[in-house]
Structures are given as C-alpha cells and as structure tokens.
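Asks: Give me the fold of what follows.
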Amino acid sequence: MKALRLLLLTLLIAPAAVAQHGPVNYAEHEVMEVIETMFDGMRALDADKVASTFAEGATLKSSGSRDGTPFVRSTPMEGFVGAIRQGADGPAWDERIWNVRIDVKDNLATAWMDYAFYAGDRFSHCGSNTFQLARHADGKWRTIALADTRVMSGCDLDPADVEETLVRAALRQYLKGHATGRGSYHEQAFHGIANLYWITDDGLQVRSSEEYIAGAPGQKAPDEAQRKRWIDWVDISGNAAVAKITLDYPRATFTDYMQLLKVDGEWKIVNKIFDIDRD
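Replies: Just a heads-up that it's a prediction; the model follows:
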C-alpha cells in the first residue's frame, strides 16, 4: 500500500499544464500519429514505413545558411525514402521532437515542432520542422510537404525535451498492444516488475503485468474500427516519467496513468493505475 500511495502522490503532483502541450482533439491525435510513425520508421531504418506516411508527390525542403546567405534545398520524397533504404545497415536516424503545435482546419493540418537529430547515439544537428498534411479519400492523414531548418552547432538542448520522444515510443508499444491484441507489444512496453491497479465495487484490485500480457487475445477486437486511443501528456524528470493515456471505446472509456523509468537505457512502464467510465 505504501508503494501505491507514492504512485498516487507522484501522479497528483504532475503539472496540469502538461496537458496543454499536446493535441486537444482526435483529429490532432491522428495527425500526431502520422508524424510519430514517420519518426519510428526512421529509427528502425524502415523505408516502407516512412513512405507510408507521405502522399504521392510530397516534397521535403531544408532551409539553412551558408556563409551568411540563406538557402533552400529541395528533395523529392522518393529521394528521402531511398536514402533511408540505402542506410539500412548504418546507425538509426533518431529524430526526437518536442514543443509540438498542431492546427487542423477541415481536411488540412499544419504541425510545427523543435527537433534534435541523432545518428545512433551521436548528436548531429537540431532545428525546427513544419509538416503540411491532408486527409485523403480513404480517411487517412498523409504528409504532403515537410520543411526543416538545420543548425549544426550551438544547440542548447534540454535533456527532458529530447527524452520525450523515447518515452512516447515506449507508450506507443502499449497502444499497439491494444490495437492488435498482441501481448508481444505490451511485453516491450512493460518492465517485468510492473503491476496494474484499479478500483471496483469490491475495492482495490491488483494484477501483475505478466498476467496482463498473458491475457492478450492475440487478435484485434471486433469493434477495433470504432476504438480510439491516444497519449494525452507526458512529464519527465531525469530517469523518471509519468504519462496519461485515454482509451475511448464504444462501451467504456479507460483513463490510464503510467509511471515509467529509464532502465538500462530503455524507458519501461513500471506501474499503471486506471479508471473505467462505462457508458
């Protein structure tokens, strides 16, 4: 019970302002998912995954300065994807983002963010990205244009900022477990010591993450097309993080609060408490 009280206290003191830093409606969450999928593909050097996030004919442009003179360099999407494919045996293209601002109007969206780019564990450069996305006839958002600035030195990076992408990547493994019904994704997200806590009419309930993973159905839910889920916010301090996740399902809404720790260089969920609001 002492551990549970500490968990609850940690979640209560997480700043409410963090919730304002991310998307605030579901279309914005959909756009964020496209962006994060692209960066996941880059980290995995999965050219096909990266390509799936772009519309046909999409362009990429980089702005910089050479000898004090501004320049803009243009690259077709196919060239960008081809470079990832050619580098498949090299270090991961690890682009970490923060200060994300998303604006959606009808079937168009714009996203701004700061970023730091790493080749594997080696810092390369920093700057800002702007994405232009459009919702297509199949209902999916795809990037139609991407532009960035690049600064090779003088980047004053906040460690919490560059870690947020990696925390979110761990949380997305958890979300993929729900989307697919496959426990292998949840196994990647949870540390072996993790427990799940919730309240029913019978009082406090506790389940180990091992039991939770073993209970995965192994397939998508029949109503998966009607299910929505997203990361509301993340807050990080050193090697510790807390996050809020919403699972909006046809017959119930689940609100998850996660505790994560960076263990042996990897972010893992070490505890989860949740509430169920049944319709």
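Asks: wait, what's in contact with the spatially most central residue of the chain?
Replies: Residue closest to the mean C-alpha point of the chain, counted by CA atoms, centre = their mean, is Arg168 at 3.9 Å. In this structure, Arg168 makes contact with 36, 231, 234, judged by CB atoms under 8 Å, 6 or more residues apart in numbering. C-beta here means a position set from N, CA and C on the backbone, and glycine is covered the same way.
Asks: mind listing the helices for this protein?
Replies: For the chain, the helices defined by DSSP state H cover 2-12, 26-43, 47-51, 77-86, 159-180, 183-189, 209-214.
Asks: Just name the shakiest helix or strand of this structure by mean pLDDT.
Replies: helix 2-12 (a mean of 45; mean pLDDT, DSSP states H and E).
Asks: Domain map for the protein?
Replies: What automatic domain parsing lists as the domains of the chain is 26-156, 160-278.
Asks: circling back to that earlier point, from the contacts of Arg168, which is closest to Phe123?
Replies: For the contacts of Arg168, the residue nearest Phe123 by CB to CB is Glu36; the value is 20.5 Å.
Asks: Let's have the contacts of Arg168 in a markdown table, adding neighbour count, distance to Ala240 and pLDDT.
Replies: Shown next, in a markdown table, are these (neighbours: other CB atoms under 10 Å; distance: CB to CB, whole Å; pLDDT from 0 to 100):
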| residue | neighbour count | distance to Ala240 | pLDDT |
| --- | --- | --- | --- |
| Glu36 | 18 | 22 | 96 |
| Ile231 | 23 | 17 | 96 |
| Val234 | 24 | 12 | 96 |
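Asks: Show me which of those is closest to Phe254.
Replies: Ile231 (13.3 Å).
Asks: so the closest one sits right up against Ala169, yeah?
Replies: No. Under the criterion of CB atoms under 8 Å, Ile231 makes no contact with Ala169, lying 10.6 Å away.
Asks: before we move on, back to that, out of the helices of the chain, nearest to Asn239?
Replies: Here helix 159-180 is closest among the helices of the chain (CB to CB), at 8.9 Å.
Asks: how near is Ser124 to Ala252?
Replies: To Ala252, Ser124 is 44 Å away according to CB to CB, to the nearest Å.
Asks: Those two: who's more crowded?
Replies: Ser124 (16 against 11; other CB atoms under 10 Å).
Asks: and Ala111, what does it touch?
Replies: 31-32, 35, 100-103, 129-131, 133.
Asks: try 7 Å this time
Replies: Counting by CB atoms under 7 Å, 6 or more residues apart in numbering, Ala111 makes contact with 31, 35, 100-102, 131.
Asks: Ok, Tyr185 next?
Replies: Residues near Tyr185 by CB under 7 Å, 6+ apart: 173, 176-177.
Asks: now do 10 Å
Replies: Neighbouring residues of Tyr185 by CB atoms under 10 Å, 6 or more residues apart in numbering: 172-179, 213, 216.
Asks: And for Gly82?
Replies: Residues in contact with Gly82 (CB under 10 Å, 6+ apart) are 47, 51, 75-76.
Asks: Could you dump these into a markdown table with pLDDT and neighbour count added?
Replies: Listed next are these as a markdown table, based on pLDDT from 0 to 100; neighbours: other CB atoms under 10 Å:
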| residue | pLDDT | neighbour count |
| --- | --- | --- |
| Ala47 | 96 | 19 |
| Ala51 | 97 | 18 |
| Thr75 | 90 | 14 |
| Pro76 | 91 | 12 |
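Asks: ok, so of those residues, who is nearest Arg66?
Replies: Minimum distance to Arg66 across those is 16.6 Å, recorded for Thr75 (CB to CB).
Asks: re earlier: in PyMOL, how would I select just the buried ones from the contacts of Tyr185?
Replies: To isolate the buried members of those in PyMOL, using 16 or more other CB atoms under 10 Å:
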select buried, resi 172+173+174+175+176+177+178+213+216
